[in-house]
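*Asks:* Have a look at this prediction, sequence included:
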Amino acid sequence: MSNNQQIEDASYTPVENRALATLPVANRAVLTREALDRATEERRLLGEYIASNMILEVDYGTVPGTNKRTLYKPGAEKLTQLFQCTPHYVLEDKKEDWTAPLFFYRYSCQLLNVHGVAVEEGVGCCSSWESKYRFRNESKKCPACGKATIIKSKAEYGGGWYCNKKRDGCGAKFGDDAPGIVDQKTGQVDNPEIYDQINTILKMAKKRALIDAAISLTRCSDLFTAGGGDDDQGGNNKGKKPAGAAAGGGLQDKDLVDTLAKTYRQAKTRADVLLVNKQVDENHDKLTPKGKEHLLGIAREVWKSLPEDPNASPATTPADQILANLKKLGLTWSQWAPTATQLLDRETLKALPAGWGLNHLKPADLDKLLQKTNQLAN
(Lines give C-alpha, C1' and ligand atoms only; values in the text may rest on other atoms or scores of the structure.)
Protein backbone atom coordinates (compact mmCIF):
# COMPACT_ATOMS: atom_id res chain seq x y z
CA MET A 1 0.00 0.00 0.00
CA SER A 2 1.39 3.43 -0.95
CA ASN A 3 1.76 6.33 1.47
CA ASN A 4 -1.01 8.18 -0.37
CA GLN A 5 -3.33 5.23 0.04
CA GLN A 6 -2.54 5.05 3.77
CA ILE A 7 -3.37 8.73 4.18
CA GLU A 8 -6.61 8.41 2.26
CA ASP A 9 -7.63 5.29 4.20
CA ALA A 10 -6.81 6.91 7.53
CA SER A 11 -8.94 9.94 6.76
CA TYR A 12 -12.01 7.85 5.96
CA THR A 13 -14.23 6.76 8.84
CA PRO A 14 -16.95 4.19 8.01
CA VAL A 15 -20.43 5.16 9.10
CA GLU A 16 -20.68 2.24 11.51
CA ASN A 17 -17.67 3.58 13.45
CA ARG A 18 -19.00 7.09 13.93
CA ALA A 19 -20.16 7.80 17.47
CA LEU A 20 -23.35 9.62 16.50
CA ALA A 21 -24.53 6.83 14.22
CA THR A 22 -24.31 4.27 17.05
CA LEU A 23 -26.03 6.34 19.73
CA PRO A 24 -29.48 5.17 20.75
CA VAL A 25 -32.18 7.76 20.10
CA ALA A 26 -32.71 8.23 23.86
CA ASN A 27 -29.05 9.30 24.32
CA ARG A 28 -29.02 11.95 21.62
CA ALA A 29 -29.37 15.66 22.29
CA VAL A 30 -32.99 16.73 22.49
CA LEU A 31 -34.70 20.10 22.68
CA THR A 32 -37.02 20.64 25.63
CA ARG A 33 -39.35 23.49 26.52
CA GLU A 34 -37.25 24.16 29.63
CA ALA A 35 -34.06 24.45 27.57
CA LEU A 36 -35.81 26.70 25.05
CA ASP A 37 -37.13 29.03 27.78
CA ARG A 38 -33.72 29.17 29.44
CA ALA A 39 -31.95 30.00 26.16
CA THR A 40 -34.51 32.71 25.36
CA GLU A 41 -34.11 34.31 28.77
CA GLU A 42 -30.30 34.20 28.58
CA ARG A 43 -30.43 35.83 25.18
CA ARG A 44 -32.71 38.58 26.47
CA LEU A 45 -30.47 39.29 29.44
CA LEU A 46 -27.38 39.44 27.23
CA GLY A 47 -29.09 41.93 24.93
CA GLU A 48 -30.03 44.11 27.90
CA TYR A 49 -26.48 44.01 29.23
CA ILE A 50 -25.01 45.01 25.87
CA ALA A 51 -27.53 47.82 25.45
CA SER A 52 -26.98 49.30 28.91
CA ASN A 53 -23.31 48.62 29.63
CA MET A 54 -21.36 48.49 26.38
CA ILE A 55 -20.29 51.74 24.73
CA LEU A 56 -20.23 52.41 20.99
CA GLU A 57 -16.71 53.01 19.62
CA VAL A 58 -15.19 51.80 22.89
CA ASP A 59 -16.47 48.25 23.33
CA TYR A 60 -17.65 47.75 19.77
CA GLY A 61 -18.08 49.75 16.58
CA THR A 62 -18.23 49.73 12.82
CA VAL A 63 -14.86 49.31 11.15
CA PRO A 64 -14.35 51.86 8.34
CA GLY A 65 -15.33 50.34 5.01
CA THR A 66 -17.79 47.82 6.49
CA ASN A 67 -21.39 47.77 7.74
CA LYS A 68 -20.80 45.15 10.42
CA ARG A 69 -20.41 45.81 14.12
CA THR A 70 -17.03 44.59 15.33
CA LEU A 71 -16.29 43.57 18.90
CA TYR A 72 -13.26 45.35 20.36
CA LYS A 73 -10.98 44.14 23.14
CA PRO A 74 -12.66 46.18 25.93
CA GLY A 75 -16.03 44.70 24.93
CA ALA A 76 -14.59 41.18 24.84
CA GLU A 77 -13.20 41.69 28.34
CA LYS A 78 -16.59 42.88 29.61
CA LEU A 79 -18.41 39.88 28.14
CA THR A 80 -15.80 37.50 29.55
CA GLN A 81 -16.15 39.04 33.00
CA LEU A 82 -19.96 38.93 32.73
CA PHE A 83 -19.80 35.14 32.39
CA GLN A 84 -17.27 34.95 35.26
CA CYS A 85 -14.50 33.61 33.08
CA THR A 86 -10.75 34.23 33.06
CA PRO A 87 -8.68 34.10 29.85
CA HIS A 88 -5.72 31.72 29.68
CA TYR A 89 -3.40 32.09 26.69
CA VAL A 90 -1.33 29.36 25.06
CA LEU A 91 1.27 30.05 22.35
CA GLU A 92 0.44 27.38 19.77
CA ASP A 93 2.93 28.30 17.05
CA LYS A 94 5.52 30.94 16.25
CA LYS A 95 8.03 31.78 13.52
CA GLU A 96 10.80 34.30 14.07
CA ASP A 97 13.10 34.93 11.12
CA TRP A 98 15.26 37.98 11.78
CA THR A 99 16.67 38.04 8.25
CA ALA A 100 13.47 37.84 6.15
CA PRO A 101 12.15 39.43 8.39
CA LEU A 102 9.12 37.33 9.38
CA PHE A 103 7.46 37.19 12.77
CA PHE A 104 4.36 35.03 13.16
CA TYR A 105 2.45 34.10 16.32
CA ARG A 106 -0.65 31.96 16.83
CA TYR A 107 -2.34 31.89 20.22
CA SER A 108 -5.28 30.04 21.65
CA CYS A 109 -7.32 31.67 24.39
CA GLN A 110 -9.11 29.34 26.77
CA LEU A 111 -11.82 30.86 28.93
CA LEU A 112 -11.78 29.26 32.37
CA ASN A 113 -14.81 29.30 34.66
CA VAL A 114 -14.64 29.88 38.43
CA HIS A 115 -13.63 26.22 38.88
CA GLY A 116 -10.72 26.54 36.46
CA VAL A 117 -12.42 24.47 33.77
CA ALA A 118 -12.09 25.60 30.15
CA VAL A 119 -15.59 26.30 28.82
CA GLU A 120 -14.68 27.94 25.50
CA GLU A 121 -11.68 28.54 23.28
CA GLY A 122 -10.71 31.02 20.59
CA VAL A 123 -7.73 31.27 18.26
CA GLY A 124 -5.93 34.24 16.79
CA CYS A 125 -2.79 34.83 14.78
CA CYS A 126 -0.81 37.78 13.50
CA SER A 127 2.12 38.12 11.13
CA SER A 128 4.62 40.80 10.21
CA TRP A 129 3.71 40.10 6.58
CA GLU A 130 0.27 41.62 7.04
CA SER A 131 0.30 44.73 4.89
CA LYS A 132 -0.21 47.19 7.75
CA TYR A 133 2.97 45.94 9.42
CA ARG A 134 5.05 45.01 6.37
CA PHE A 135 4.73 48.26 4.40
CA ARG A 136 4.76 51.99 4.93
CA ASN A 137 3.66 54.80 2.65
CA GLU A 138 6.80 56.83 2.10
CA SER A 139 6.90 60.49 1.06
CA LYS A 140 9.94 62.47 -0.03
CA LYS A 141 11.89 63.89 2.89
CA CYS A 142 13.92 67.07 3.04
CA PRO A 143 17.69 66.35 3.04
CA ALA A 144 18.15 69.36 5.30
CA CYS A 145 15.57 68.88 8.08
CA GLY A 146 14.49 65.28 7.48
CA LYS A 147 10.76 66.08 7.44
CA ALA A 148 8.34 64.70 4.84
CA THR A 149 7.45 68.19 3.65
CA ILE A 150 9.08 68.26 0.18
CA ILE A 151 6.89 69.46 -2.70
CA LYS A 152 7.61 70.13 -6.39
CA SER A 153 7.81 73.83 -7.17
CA LYS A 154 5.90 75.17 -10.17
CA ALA A 155 7.86 76.19 -13.26
CA GLU A 156 6.76 79.81 -12.95
CA TYR A 157 8.42 79.90 -9.53
CA GLY A 158 11.70 78.51 -10.83
CA GLY A 159 10.96 74.77 -10.60
CA GLY A 160 12.95 72.41 -8.42
CA TRP A 161 11.93 71.17 -4.99
CA TYR A 162 10.87 73.12 -1.94
CA CYS A 163 10.57 72.19 1.76
CA ASN A 164 7.16 73.63 2.54
CA LYS A 165 7.16 75.94 5.56
CA LYS A 166 3.37 75.79 5.76
CA ARG A 167 3.71 72.10 6.57
CA ASP A 168 6.33 72.77 9.26
CA GLY A 169 9.22 72.44 6.79
CA CYS A 170 12.47 74.39 6.87
CA GLY A 171 12.04 76.30 3.58
CA ALA A 172 15.12 74.83 1.87
CA LYS A 173 15.19 74.76 -1.95
CA PHE A 174 16.72 72.14 -4.25
CA GLY A 175 17.25 71.71 -7.98
CA ASP A 176 15.14 69.50 -10.23
CA ASP A 177 17.80 66.77 -10.27
CA ALA A 178 18.88 66.94 -6.63
CA PRO A 179 20.11 63.37 -5.95
CA GLY A 180 19.11 63.51 -2.30
CA ILE A 181 15.49 63.87 -3.41
CA VAL A 182 14.98 62.19 -6.78
CA ASP A 183 16.70 59.01 -5.56
CA GLN A 184 14.23 58.57 -2.69
CA LYS A 185 11.67 55.77 -2.93
CA THR A 186 8.08 56.84 -2.48
CA GLY A 187 4.73 55.11 -2.18
CA GLN A 188 4.51 51.66 -0.58
CA VAL A 189 7.91 50.58 0.72
CA ASP A 190 9.14 47.93 3.14
CA ASN A 191 8.73 48.97 6.76
CA PRO A 192 12.24 49.86 7.98
CA GLU A 193 11.10 49.66 11.62
CA ILE A 194 9.48 46.23 11.53
CA TYR A 195 11.52 45.08 14.53
CA ASP A 196 9.80 47.72 16.64
CA GLN A 197 6.48 46.01 15.83
CA ILE A 198 7.30 42.54 17.21
CA ASN A 199 5.61 43.09 20.57
CA THR A 200 2.59 44.69 18.87
CA ILE A 201 2.25 41.70 16.52
CA LEU A 202 2.44 39.23 19.42
CA LYS A 203 -0.18 41.12 21.44
CA MET A 204 -2.42 41.41 18.39
CA ALA A 205 -2.51 37.61 18.08
CA LYS A 206 -3.54 37.33 21.74
CA LYS A 207 -6.19 40.01 21.33
CA ARG A 208 -7.71 38.27 18.32
CA ALA A 209 -7.84 34.99 20.23
CA LEU A 210 -9.65 36.68 23.15
CA ILE A 211 -12.25 38.32 20.92
CA ASP A 212 -12.87 35.04 19.09
CA ALA A 213 -13.32 33.22 22.41
CA ALA A 214 -15.66 35.89 23.82
CA ILE A 215 -17.96 35.75 20.78
CA SER A 216 -18.06 31.95 20.95
CA LEU A 217 -18.74 32.01 24.70
CA THR A 218 -21.67 34.42 24.46
CA ARG A 219 -23.04 33.07 21.16
CA CYS A 220 -23.34 36.61 19.81
CA SER A 221 -21.82 36.19 16.35
CA ASP A 222 -25.07 37.56 14.89
CA LEU A 223 -24.48 40.81 16.80
CA PHE A 224 -20.71 41.16 16.41
CA THR A 225 -17.91 39.99 14.17
CA ALA A 226 -14.39 39.33 15.39
CA GLY A 227 -12.88 41.65 12.79
CA GLY A 228 -9.12 41.93 12.96
CA GLY A 229 -8.85 43.18 16.52
CA ASP A 230 -6.80 46.07 15.17
CA ASP A 231 -5.06 48.39 17.59
CA ASP A 232 -6.69 51.42 16.01
CA GLN A 233 -10.10 50.15 17.13
CA GLY A 234 -11.67 49.89 20.55
CA GLY A 235 -11.10 53.01 22.54
CA ASN A 236 -8.32 54.37 20.33
CA ASN A 237 -10.62 55.35 17.50
CA LYS A 238 -11.70 58.70 18.87
CA GLY A 239 -11.29 61.56 16.48
CA LYS A 240 -11.17 59.36 13.38
CA LYS A 241 -13.82 59.64 10.71
CA PRO A 242 -15.84 56.45 10.11
CA ALA A 243 -16.82 55.24 6.68
CA GLY A 244 -19.16 57.69 5.00
CA ALA A 245 -17.82 60.72 6.86
CA ALA A 246 -18.79 63.95 5.22
CA ALA A 247 -16.33 66.75 4.55
CA GLY A 248 -17.99 68.91 7.17
CA GLY A 249 -17.63 66.22 9.85
CA GLY A 250 -20.08 63.59 11.13
CA LEU A 251 -21.83 60.88 9.19
CA GLN A 252 -23.91 61.55 6.14
CA ASP A 253 -27.52 61.03 7.18
CA LYS A 254 -28.33 58.61 4.35
CA ASP A 255 -25.34 56.37 5.08
CA LEU A 256 -26.14 56.23 8.78
CA VAL A 257 -29.88 55.69 8.26
CA ASP A 258 -29.22 52.88 5.76
CA THR A 259 -26.81 51.18 8.15
CA LEU A 260 -29.14 51.43 11.15
CA ALA A 261 -32.17 50.36 9.12
CA LYS A 262 -30.32 47.26 7.92
CA THR A 263 -29.30 46.45 11.50
CA TYR A 264 -32.92 46.81 12.67
CA ARG A 265 -34.12 44.33 10.05
CA GLN A 266 -31.47 41.81 11.13
CA ALA A 267 -32.81 41.81 14.71
CA LYS A 268 -33.86 38.38 15.94
CA THR A 269 -35.10 39.38 19.39
CA ARG A 270 -36.55 42.49 20.99
CA ALA A 271 -33.31 42.80 22.94
CA ASP A 272 -31.56 43.25 19.58
CA VAL A 273 -33.96 46.09 18.75
CA LEU A 274 -33.09 47.80 22.03
CA LEU A 275 -29.42 47.57 21.12
CA VAL A 276 -30.04 49.34 17.82
CA ASN A 277 -32.22 51.90 19.60
CA LYS A 278 -29.23 52.84 21.71
CA GLN A 279 -27.15 53.41 18.58
CA VAL A 280 -29.89 55.64 17.17
CA ASP A 281 -29.95 57.63 20.39
CA GLU A 282 -26.15 58.00 20.44
CA ASN A 283 -26.20 59.30 16.86
CA HIS A 284 -29.11 61.68 17.45
CA ASP A 285 -27.21 64.81 16.39
CA LYS A 286 -26.14 63.20 13.11
CA LEU A 287 -29.67 62.33 11.98
CA THR A 288 -32.16 64.60 10.28
CA PRO A 289 -35.79 64.65 11.53
CA LYS A 290 -36.80 62.69 8.44
CA GLY A 291 -34.15 60.07 9.12
CA LYS A 292 -35.25 59.68 12.74
CA GLU A 293 -38.89 59.28 11.70
CA HIS A 294 -37.92 56.65 9.12
CA LEU A 295 -35.95 54.66 11.70
CA LEU A 296 -38.76 54.95 14.26
CA GLY A 297 -41.15 53.42 11.74
CA ILE A 298 -38.78 50.51 11.07
CA ALA A 299 -38.24 49.99 14.82
CA ARG A 300 -41.98 49.72 15.44
CA GLU A 301 -42.44 47.39 12.48
CA VAL A 302 -39.64 45.05 13.60
CA TRP A 303 -40.67 45.23 17.26
CA LYS A 304 -44.24 44.15 16.53
CA SER A 305 -43.05 41.29 14.31
CA LEU A 306 -40.96 39.73 17.08
CA PRO A 307 -42.36 37.61 19.94
CA GLU A 308 -42.73 39.30 23.30
CA ASP A 309 -39.93 38.83 25.79
CA PRO A 310 -40.72 36.72 28.87
CA ASN A 311 -42.69 38.59 31.54
CA ALA A 312 -43.01 41.69 29.33
CA SER A 313 -46.16 43.74 29.65
CA PRO A 314 -47.72 44.53 26.26
CA ALA A 315 -48.11 48.29 25.98
CA THR A 316 -47.72 49.21 22.34
CA THR A 317 -50.47 51.84 22.38
CA PRO A 318 -49.21 53.75 25.47
CA ALA A 319 -45.71 53.64 24.01
CA ASP A 320 -46.92 55.17 20.76
CA GLN A 321 -48.83 57.83 22.69
CA ILE A 322 -45.79 58.76 24.75
CA LEU A 323 -43.57 58.98 21.67
CA ALA A 324 -46.19 61.05 19.86
CA ASN A 325 -46.31 63.48 22.77
CA LEU A 326 -42.53 63.74 22.84
CA LYS A 327 -42.56 64.46 19.12
CA LYS A 328 -45.24 67.11 19.65
CA LEU A 329 -42.98 68.76 22.21
CA GLY A 330 -40.01 68.51 19.88
CA LEU A 331 -38.14 66.41 22.42
CA THR A 332 -36.00 63.32 21.99
CA TRP A 333 -35.92 60.56 24.55
CA SER A 334 -32.48 61.74 25.72
CA GLN A 335 -33.77 65.26 26.27
CA TRP A 336 -36.77 63.99 28.22
CA ALA A 337 -34.86 61.39 30.26
CA PRO A 338 -34.12 63.75 33.21
CA THR A 339 -37.86 64.12 33.76
CA ALA A 340 -38.33 60.36 33.59
CA THR A 341 -35.69 59.83 36.27
CA GLN A 342 -37.88 61.73 38.70
CA LEU A 343 -40.75 59.32 38.11
CA LEU A 344 -39.17 55.89 37.84
CA ASP A 345 -36.59 53.87 39.73
CA ARG A 346 -33.18 52.91 38.33
CA GLU A 347 -34.12 49.35 37.40
CA THR A 348 -37.15 50.52 35.45
CA LEU A 349 -35.13 53.11 33.55
CA LYS A 350 -32.54 50.51 32.55
CA ALA A 351 -35.26 48.92 30.43
CA LEU A 352 -35.59 52.16 28.45
CA PRO A 353 -32.21 52.85 26.81
CA ALA A 354 -33.78 54.67 23.86
CA GLY A 355 -37.47 55.08 24.56
CA TRP A 356 -38.91 52.24 22.50
CA GLY A 357 -38.57 49.51 25.11
CA LEU A 358 -41.69 50.69 26.89
CA ASN A 359 -43.37 47.32 26.87
CA HIS A 360 -40.86 46.21 29.49
CA LEU A 361 -42.60 48.48 31.98
CA LYS A 362 -45.33 47.54 34.38
CA PRO A 363 -48.74 49.09 33.63
CA ALA A 364 -48.46 51.38 36.67
CA ASP A 365 -45.15 52.79 35.46
CA LEU A 366 -46.57 53.26 31.99
CA ASP A 367 -49.47 55.20 33.47
CA LYS A 368 -47.01 57.52 35.22
CA LEU A 369 -45.10 58.12 32.01
CA LEU A 370 -48.22 58.67 29.96
CA GLN A 371 -49.69 61.06 32.52
CA LYS A 372 -46.49 63.09 32.67
CA THR A 373 -46.07 63.36 28.91
CA ASN A 374 -49.71 64.33 28.52
CA GLN A 375 -49.22 67.11 31.05
CA LEU A 376 -46.13 68.36 29.22
CA ALA A 377 -47.74 68.14 25.79
CA ASN A 378 -50.81 70.05 26.92
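*Replies:* Perfect, thanks for sending it. Numbers count the residues shown, from 1 in each chain.
*Asks:* CA only for contacts and neighbour counts going forward, please
*Replies:* OK.
*Asks:* Which helix or strand contains Gln279?
*Replies:* Per DSSP states H and E: Gln279 is located in helix 270-282.
*Asks:* try Ala299
*Replies:* Per DSSP H and E: helix 289-305 holds Ala299.
*Asks:* my guess is Lys152 meets Lys173, correct?
*Replies:* No - with contact defined as CA atoms under 8 Å, Lys152 does not count as touching Lys173 (9.9 Å).
*Asks:* Between the two, which contacts overlap?
*Replies:* Contact criterion CA atoms under 8 Å, 6 or more residues apart in numbering; residues shared by Lys152 and Lys173: Gly160, Trp161, Tyr162.
*Asks:* Between those, which sits nearest Arg44?
*Replies:* Tyr162 (62.4 Å; CA to CA).
*Asks:* Who has more neighbours out of Lys152 and Lys173?
*Replies:* Lys173 (19 against 15; other CA atoms under 10 Å).
*Asks:* can you tell me how far the nearest residue to the more buried one once chain neighbours are set aside sits from Phe224?
*Replies:* Among residues not flanking Lys173 along the chain, Tyr162 sits closest, at 4.6 Å (CA to CA, 6 or more residues apart in numbering). Distance of Tyr162 to Phe224, given as CA to CA, to the nearest Å: 49 Å.
*Asks:* Mind listing what's buried along stretch 128-135?
*Replies:* Ser128, Tyr133, Arg134, Phe135 (16 or more other CA atoms under 10 Å).
*Asks:* same question, stretch 187-201
*Replies:* Quick answer for stretch 187-201 (16+ other CA under 10 Å): Asn191, Ile194, Ile198, Ile201.
*Asks:* out of the residues you listed, which are inside helices?
*Replies:* Taking DSSP state H as the definition of helices, the buried residues of stretch 187-201 contribute Ile198, Ile201.
*Asks:* ok, Thr269 - how many residues close by?
*Replies:* Thr269: 19 neighbours (other CA under 10 Å).
*Asks:* returning to that earlier point: which helices and strands does the helix or strand containing the residue nearest to Lys173 pack with?
*Replies:* Element membership for Tyr162 (DSSP H and E) is strand 161-163. In terms of contacts (3 or more CA pairs under 8 Å, 6 or more residues apart in numbering; DSSP states H and E), strand 161-163 is packed against strand 150-152, strand 173-174.
*Asks:* Now do the same for the first one: mean pLDDT, whole number.
*Replies:* Confidence over strand 150-152 (mean pLDDT, whole number) is 82.
*Asks:* Between the buried residues of stretch 128-135, which sits nearest Val58?
*Replies:* For those, the nearest to Val58 is Tyr133 (23.4 Å; CA to CA).
*Asks:* Pull up the gap between the closest one and Thr263, please.
*Replies:* 32 Å.
*Asks:* ok so, going back, ok, and for the helix holding Gln279, which residues are buried?
*Replies:* So, applying 16+ other CA under 10 Å, buried residues of helix 270-282: Arg270, Ala271, Asp272, Val273, Leu274, Leu275, Val276, Asn277, Lys278, Gln279, Val280, Asp281.
*Asks:* With respect to Ala178, which of these is nearest?
*Replies:* Gln279 (54.2 Å).
*Asks:* tell me the contacts of the closest residue to Glu48 other than its chain neighbours?
*Replies:* Once flanking residues are discounted, Glu48 sits nearest to Ala271: 6.1 Å by CA to CA, 6+ apart. With contacts taken as CA under 8 Å, 6+ apart, Ala271 has the following neighbours: Arg43, Arg44, Leu45, Gly47, Glu48.
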